[in-house]
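>>> test case, fold it:
(chains A and B)
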Protein chains: 2
Amino acid sequence: MNQQIKLQRRPSGIPTKEDLVYQEAAAPKPEPGSVLVRNRYLSLDPYMRGRMTDTKSYVPPVAVGSVMEGECVGQVISGPGFKEGEWVKGMLGWQQFGSAPPSGLTRIDIGAAPASAYLGVLGMPGATAWIGCTEIAVVKPGETFVVAAASGAVGAVAGQLAKHMGARVVGIAGGAEKCAYVKKELGFDECIDHREKDLGDKLKAACPRGIDVYYENVGGKVQGAVFAQLNDFARVAFCGMVAEYNDKEPAPGPNLMSVVKKRLHLQGFIVSDHPAAFRSWPEIGARLIAEKKLKYREDIVKGLRNAPDAFAGLLQGKNFGKLVIEID
Amino acid sequence: MNQQIKLQRRPSGIPTKEDLVYQEAAAPKPEPGSVLVRNRYLSLDPYMRGRMTDTKSYVPPVAVGSVMEGECVGQVISGPGFKEGEWVKGMLGWQQFGSAPPSGLTRIDIGAAPASAYLGVLGMPGATAWIGCTEIAVVKPGETFVVAAASGAVGAVAGQLAKHMGARVVGIAGGAEKCAYVKKELGFDECIDHREKDLGDKLKAACPRGIDVYYENVGGKVQGAVFAQLNDFARVAFCGMVAEYNDKEPAPGPNLMSVVKKRLHLQGFIVSDHPAAFRSWPEIGARLIAEKKLKYREDIVKGLRNAPDAFAGLLQGKNFGKLVIEID
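Below you'll find the predicted structure:
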């Protein structure tokens, strides 16, 4: 038997269990040339919302009726080049058993960090933060760095890296509990609750010398508030806009006159365009964790059948830390 | 007697003759340490609209009651370090006689090009095009380059430079006459009239492989149409948004999700941040003109008292070529 979640229809707004349908299929058999893996953890990430929609993007959407795409860590059952029981990571889908060509799998060292960490802090979200902070929008010592979704998988790493790079770091998160975690545990200088009133005023107070670098991963009203406080020559790294992923029509963006007046530098990026980061980051990140210079938090939900609800919650900021499904 | 135009009040929308007031003051006397110049040509440029408004920008606005700031070419009357009659360029204001410290003046070679050319093709607008094309958003051979206000002082140079850099070059201009000039005289591959219907469709037809570099100097509806056709990894150099300079409230901009999806690179710049261009460009530009690789057109209006109307026309695209006032 193979537990699976299929994309049964394209969602409108927040995906529901009618869009993402749980089913049990026959257990898969090993196929020649391919490695069969028993998935143990599935990563749920905001980018997946884009995969459910049939609009032009950097990769084609998941076909209706197919198993949802997603990254998993798991243990090899059989296949060329791997031993039974080896831990690997790959795009194995929202399912209990997945298969991939040997080139599509990476071995992970569960002695250096727990298996689930390879989906978050040491995986794609961590590498996204690493590239954004070290290549796309590099913050200088003494500058002010702002990141939204600051307790999330990407934001938490980005802010901690910016702190190590000598910046004043201000996070934005949803709710008092997340803000307390961001300040006390992650060591940001300030964290603002975007659910409270007067976001602009609070941001101004937290950034008395304005904002030099903004790590953009939410869009929406936070984007507008941050843009108003950007300094001359500020840089913005765009890796996502999760607050807008469920909009049926794109909302207007900020007027771009400030791009001229302030000589702003806005750059979008996608971590898969930077494959070197997937090789360098897990080792660097694991070392920072061992040295207690990088903290992380996971929100582990048990049971694949709970993935659709957990994913809907992720798009609404209900998770607290990197959202991972533990597959029974 | 000294003819002058003063900023009498801050304009709302297009500046009028009540905002920009012509007057005749007493002829100025030479001051110690300062060079007195008889201005011959005054440059009128879109950026001046920003100087009339009291909002935060890269330089403070002109004070109400002061002579409008502007660049002129003229001949020295007297002053330290210069001979009488020498041709110079400097920020001498909208007036017949202006003065500046010696360090604020640059000698111009009217043997290499007419004096007025140092305000346009070889001056600030030409240098702006040079920096935008060679440093901010560099086009590669075989790529598609789009520039709006294509018959204007900046756009005409930017498009010709992009053509020399091996790109397919598409201009956008207002009216059939300007479009014909841009194609036939300046040698762009295509030019689209933004006053006609279906700008988006015409742009798509003119850019069958999409747009790789957009040189942004107008904003407004043209910006939206171009953004929809940008390719993955496209670059946008922002040097101005003249279509919006008279707006009382900033209009919303394009939704920025495409910055992520297409990994766009948007960069604002101001030529004064690149002082080296003011040294290198006049010589390079003069050589290109001599080799007939760079064409330019001037729209010379006689009489300083006509400057306010001419400036209002500039903001509405009524000029055809670089707008210059010939001072009587």
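>>> from now on I want contacts and neighbour counts done on CA atoms only, so please keep to that.
Will do.
>>> quick one, phi psi at residue A:299?
Per-residue torsions, residue A:299: phi -110, psi 100 (degrees, to the nearest 10).
>>> and the residue nearest to it when sequence neighbours are not counted, which of the three is it?
Spatially, and ignoring its direct neighbours in sequence, residue A:299 is nearest to residue A:323 (4.8 Å; Cα to Cα, 6 or more residues apart in numbering or on different chains). Classification of residue A:323 using DSSP: H, G, I helix; E, B strand; the rest coil returns strand.
>>> and residue A:323, what does it touch?
By Cα atoms under 8 Å, 6 or more residues apart in numbering or on different chains, the contact list for residue A:323 reads A:43, A:44, A:45, A:153, A:298, A:299, A:300, A:301, A:310, A:314.
>>> take those and keep only those in helices.
Cross-referencing the contacts of residue A:323 against helices under DSSP state H gives A:153, A:310, A:314.
>>> just the closest of these to chain B, please.
The closest of the ones in helices among the contacts of residue A:323 to chain B turns out to be residue A:153 (Cα to the nearest Cα; 17.8 Å).
>>> the closest one against residue A:321, yeah?
Yes: Residue A:153 is in contact with residue A:321 according to Cα atoms under 8 Å; the separation is 6.0 Å.
>>> show me which of these two is the more surrounded one.
residue A:153 (28 against 24; other Cα atoms under 10 Å in any protein chain shown).
>>> OK, contacts around that one?
Listed by Cα under 8 Å, 6+ apart, the contact set of residue A:153 reads A:120, A:121, A:125, A:126, A:296, A:321, A:322, A:323.
>>> swap in residue A:139?
Residue A:139 neighbours (Cα under 8 Å, 6+ apart): A:133, A:145, A:162, A:165, A:166, A:167, A:212, A:213.
>>> between the residues you listed, which is closest to residue A:203?
Of all these, residue A:145 has the smallest distance to residue A:203: 11.6 Å, by Cα to Cα.
>>> thought residue A:26 was touching residue A:2?
Yes: with contact defined as Cα under 8 Å, residue A:26 reaches residue A:2; the gap is 5.7 Å.
>>> what's the burial count for residue A:141?
Using other Cα under 10 Å: residue A:141 sits among 13 other residues.
>>> now do stretch A:116-135: everything it contacts.
A:41-43, A:71-73, A:89, A:108, A:138-139, A:153-155, A:157-158, A:161-162, A:215, A:237, A:239, A:269-271, A:274, A:277-278, A:281-282, A:285-286, A:296, A:322, A:324.
>>> chain center to that stretch, what's the gap?
Counting by Cα atoms, centre = their mean, to the nearest Å, stretch A:116-135 is centred 8 Å from the centre of its parent chain.
>>> same question for stretch A:314-328.
That offset, for stretch A:314-328, works out to 11 Å (Cα atoms, centre = their mean).
>>> in that stretch, what counts as buried?
Neighbour counts over stretch A:314-328 (16 or more other Cα atoms under 10 Å in any protein chain shown) mark A:314, A:315, A:317, A:319, A:320, A:321, A:322, A:323, A:324, A:325, A:326, A:327 as buried.
>>> could you dump the ones in helices among the contacts of residue A:323 to JSON lines with pLDDT?
Listed next are those as JSON lines, based on pLDDT from 0 to 100:
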{"residue": "A:153", "pLDDT": "94"}
{"residue": "A:310", "pLDDT": "97"}
{"residue": "A:314", "pLDDT": "94"}
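>>> which of those lies closest to residue A:221?
Ranked by distance to residue A:221 (Cα to Cα), those are led by residue A:314 at 18.0 Å.
>>> spit out the contact partners of that closest one.
Residue A:314 touches A:45, A:46, A:323, counting by Cα under 8 Å, 6+ apart.
>>> again, but for residue A:25
A:1, A:2, A:3, A:4.
>>> weed out the non-buried ones from these.
A:3, A:4.
>>> nearest to residue A:221, out of the contacts of residue A:25: which one, please.
For the contacts of residue A:25, the nearest to residue A:221 is residue A:4 (35.8 Å; Cα to Cα).
>>> for the closest one, which non-adjacent residue is spatially closest?
The spatial neighbour of residue A:4 that comes closest, neighbours along the chain excluded (Cα to Cα, 6+ apart), is residue A:95 at 4.2 Å.
>>> so what pLDDT did the residue nearest to residue A:255 when sequence neighbours are not counted get?
Of all residues not flanking residue A:255 in the chain, residue B:253 sits nearest, at 4.2 Å (Cα to Cα, 6+ apart). pLDDT for residue B:253: 90.
>>> show the end-to-end separation of stretch A:149-156, please.
8 Å (Cα to Cα, to the nearest Å).
>>> what do you get for stretch A:147-156?
8 Å.
>>> show me the contacts of residue A:25 that map onto helices.
Those of the contacts of residue A:25 lying in helices (DSSP H): none at all.
>>> show me which pair in the contacts of residue A:25 is furthest apart.
Maximum pairwise distance among those (Cα to Cα): 9.6 Å, between A:1 and A:4.
>>> now the helices: where do they sit in chain A?
Using DSSP H, helices in chain A cover A:47-51, A:124-131, A:153-164, A:176-184, A:199-206, A:220-227, A:257-261, A:275-290, A:307-315.
>>> any idea how far residue A:273 is from the most centrally placed residue in chain A?
Nearest to the mean C-alpha position of chain A, counting by Cα atoms, centre = their mean, stands residue A:125 at 4.2 Å. Residue A:125 sits at a distance of 14 Å from residue A:273 (criterion: Cα to Cα).
>>> sorry, back to before: now for residue A:153 and residue A:321: what residues contact both?
residue A:296.
>>> returning to that earlier point: of the contacts of residue A:323, buried ones?
A:43, A:44, A:45, A:153, A:298, A:300, A:301, A:310, A:314.
>>> many thanks, have a good one.
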